[in-house]
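Q: Show me how the following folds:
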Amino acid sequence: MVALLTHLRKLFRADYAQLILCSATEAEGALSTHLGPSGEREIMRHVSLPKGSFPSENNESAFGIELVRSSAAAGYRKRLPVHFTGDAMVVALRSEDRRVGVLVIGERGGEVTTFDREDQKLLSALANHVTAALENGRLERSLARLTQLEQQLRHQAFHDPLTGLANRVLFHERVQHALDRRGAKAAVLFMDLDGFKEVNDVYGHAAGDRVLVAAADRMRTCLRPGDTAARLSGDEFAILLEDIADTETARRVGARVVELFSVPFSVGDGEVTVGASCGVAVADRDQRAEELLANADKAMYKVKSEGKGRYTLFEPAMQWESI
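A: Here you go, the predicted model:
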């Protein structure tokens, strides 16, 4: 249980984690184990649980999680033997025929001190695994499953489900991280597929999805270790090049992308040509991710307006062009 609570504190970046195990009958009370900041811990202490201690089975909170705000924390201590003062998530652990216990995660540190919808979704999923482990006496072995589930959920949150590439959120984060590194030079390639709408219209969306997956595979061949490819939306893709030696490196990758997309894609018994219009923007000093992405986007639309199927490098004059 200590290993579980240690894992959960780290996972949710919280100072406080508590697991209360209920006895088969209310008269027998419950056992509380908690970990707090600075090594504070309490293991298997007998506690009583007054009526109404559990989150209501009919509560309307997301995923069955009760989110307790800091303003209500003091009153909540009357319902549960908890030690937190800030915001916390509380979830009841239920087996098929009884309530097994309560799991409490509280006191998130850092700038974000509360828990959002994704945190509640993750805790709800983990609670089911904890319940199963407690019921079957396999808590220690189940930690590996919790870690695997965490990785799967995190991957889903930051990757495009169709192509497996990074999504817009992860791509923006990595671009900003690359720009924050002193002395590193980075570039972004922004791509739009030419003629993709016709694939959907003529062959159907299933065929269109297959083309998008194949397009993602081609982009991966342009990457070096450390680079990132992303599907931003629809048929828009992007590539982040980190630690490039000079602008010419970005140009070469842009030319390579255009060349790869000149080769037809297989669709059913035939082939279709779906080209790529590519805008390339190399980062300036003290530039933010939003600006760099916008510059690559402007360069891409410049290509689209002048015939498609090629790449061009962003130039400051494009800021004032009406495309």
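
Q: Now Val199: closest residue in space, sequence neighbours ignored.
A: Of all residues beyond its chain neighbours, the one nearest Val199 is Gly208 (5.0 Å), with distances taken as C-beta to C-beta, 6 or more residues apart in numbering. Quick note: C-beta positions are derived from backbone N, CA and C, even for glycine.

Q: Sort out which residues of the helix or strand that neighbour falls within are buried, please.
A: Gly208 is part of helix 205-220, with elements assigned from DSSP states H and E. Counting neighbours by 16 or more other C-beta atoms under 10 Å, one finds that the buried residues in helix 205-220 are 207-208, 210-212, 215-216, 218-219.

Q: how about low-confidence regions in the chain?
A: For the chain, applying pLDDT under 70 flags the ranges 23-29, 50-64, 71-79, 97, 109-112, 135-147, 150, 182-183, 321-323.

Q: just the strands in it please.
A: When secondary structure is read from DSSP state E, the chain shows strands at 14-22, 30-35, 41-47, 66-68, 88-94, 99-108, 187-194, 228-233, 236-241, 265-267, 270-272, 275-282, 311-313.

Q: If we go by neighbour counts, what in the longest one is buried?
A: The one in question is strand 99-108. Neighbour-count burial for strand 99-108 flags 99-108 (criterion: 16+ other C-beta under 10 Å).

Q: who does that strand touch, helix- and strand-wise?
A: In terms of contacts (3 or more C-beta pairs under 8 Å, 6 or more residues apart in numbering; DSSP states H and E), strand 99-108 is packed against helix 2-12, strand 14-22, strand 88-94, helix 117-136.

Q: Strand 30-35 and that strand, what's the angle between them?
A: What separates the directions of strand 99-108 and strand 30-35 is an angle of 30 degrees, with axes from the mean of the first three to the mean of the last three C-alpha atoms, to 10 degrees.

Q: Likewise for the fifth one?
A: Using the same axes, to 10 degrees, the inter-axis angle of strand 88-94 relative to strand 30-35 is 140 degrees.

Q: Does anything pack onto strand 88-94? Which helices or strands?
A: Applying 3+ C-beta pairs under 8 Å, 6+ apart, we find strand 88-94 packed against strand 66-68, helix 70-76, strand 99-108, helix 117-136.

Q: ok, that strand: who's next to it in the sheet?
A: strand 66-68 (antiparallel), strand 99-108 (antiparallel) (DSSP bridges).

Q: Next up, the contacts around Tyr203.
A: 267-268, 272 (C-beta atoms under 8 Å, 6 or more residues apart in numbering).

Q: could you flag which of these are buried?
A: With neighbours counted using 16+ other C-beta under 10 Å, the contacts of Tyr203 contain these buried positions: 267, 272.

Q: between the contacts of Tyr203, which is nearest Tyr16?
A: Using C-beta to C-beta, Val267 is the member of the contacts of Tyr203 that lies nearest Tyr16, at 55.1 Å.

Q: looking at the sheet around the closest one, what are its partners?
A: With DSSP bridges applied, Val267 shows beta-bridge pairing to Gly270.

Q: residues touching it, list them.
A: When contacts are counted by C-beta under 8 Å, 6+ apart, Val267 is found next to 199, 203, 207, 210-211.

Q: next one: Phe190
A: If you count contacts by C-beta under 8 Å, 6+ apart, Phe190 has them with 236-238, 278-281, 293, 296-297, 299-300.

Q: can you count the residues close to the nearest residue to it once chain neighbours are set aside?
A: Residue nearest to Phe190 in three dimensions, not counting chain neighbours: Ala296, with 3.7 Å by C-beta to C-beta, 6+ apart. A total of 26 residues lie near Ala296 under the criterion other C-beta atoms under 10 Å.

Q: just Met1 next, same as before
A: Other residues near Met1 number 18, with proximity taken as other C-beta under 10 Å.

Q: Leaving aside the residues adjacent along the chain, what's closest to it?
A: Beyond its immediate neighbours in the sequence, the residue positioned closest to Met1 (C-beta to C-beta, 6+ apart) is Thr33, lying 4.9 Å away.

Q: for Glu290, what are its contacts?
A: Contacts here follow C-beta under 8 Å, 6+ apart; on that basis Glu290 touches His172.

Q: one more time with 7 Å, if that's ok
A: The contact partners of Glu290, taken as C-beta atoms under 7 Å, 6 or more residues apart in numbering, number zero.

Q: Good, we can wrap up now.
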